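Novice: turn this into a structure:
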Amino acid sequence: MTTTVSDAPPAAGRPGSPEHLAYLALQRLAMRQQYTSAELLRRHDLSLPQFNVLRILRGAGDAGLRCSEVGARLLVHDPDVTRLLDRLEKAGRVSRTRDPRDRRVVVAHLTAEGRAVLSALDGPLTELHARQFAALSPERLALLTELLSDLTLEDHP
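Specialist: The predicted model follows:
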């Protein structure tokens, strides 16, 4: 039996290839996970990027972070960190102050209101993540995490 062009497996990365199928599966999963997370956050009048900013500032503690540092730590790059901070400040969830040593530097801090919103979301988000990954045993979840960690963006544009 001879192999025809149509019988040959698709070239790496081409439609139908294992890489392409893995990409599609990851995209579908990411979109579904993101949608359910966004629905939960919307009930607290937060977008995913705003929530990410609040979590970053909670992790920074009382010292806060420079606006540029907040931007560098975002899960998804947002070129307009100032706009995110403006909205969070208007909602009373973030405050900004000028660094007394260098007035050009603005430091963002989590307010008590911001801390309260995050505290109110801690339980529901924990439950959501448990439901999102309930189909995987702890061992398979660890394997998934390991496999995803092997994929680095440093090697790719």
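
Novice: what ranges do the helices span in this structure?
Specialist: For the chain, helices defined by DSSP state H occupy the ranges 18-42, 48-60, 67-73, 81-90, 112-132, 138-150.

Novice: to Ala11, which of the ones you listed lies closest?
Specialist: Counting by Cβ to Cβ, Ala11 lies closest to helix 18-42 out of those; the figure is 9.5 Å. All C-beta spots, glycine's among them, are computed from the backbone N, C-alpha and C.

Novice: how distant is that closest one from the center of its chain?
Specialist: In terms of Cα atoms, centre = their mean, to the nearest Å, the centre of helix 18-42 is found 12 Å from the chain centre.

Novice: buried residues, that helix. List them.
Specialist: Of the residues in helix 18-42, those with enough neighbours to count as buried (16 or more other Cβ atoms under 10 Å) are 37, 41.

Novice: likewise stretch 140-150?
Specialist: Of the residues in stretch 140-150, none are scored as buried under the neighbour-count criterion (16+ other Cβ under 10 Å).

Novice: could I get the CA-only coordinates of it as CSV?
Specialist: Output for stretch 140-150, consisting of C-alpha atoms alone and laid out as CSV, is shown next (Å, rounded to 0.1, in the frame of the first residue of the first chain):
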residue,chain,number,x,y,z
ARG,A,140,-3.7,14.5,36.6
LEU,A,141,-4.1,18.1,37.7
ALA,A,142,-0.4,18.1,38.8
LEU,A,143,0.6,16.6,35.5
LEU,A,144,-1.4,19.2,33.6
THR,A,145,0.3,22.0,35.6
GLU,A,146,3.7,20.4,34.9
LEU,A,147,3.0,20.1,31.2
LEU,A,148,1.7,23.7,30.9
SER,A,149,4.8,24.9,32.8
ASP,A,150,7.0,23.3,30.2
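
Novice: okay then, goodbye and thanks.
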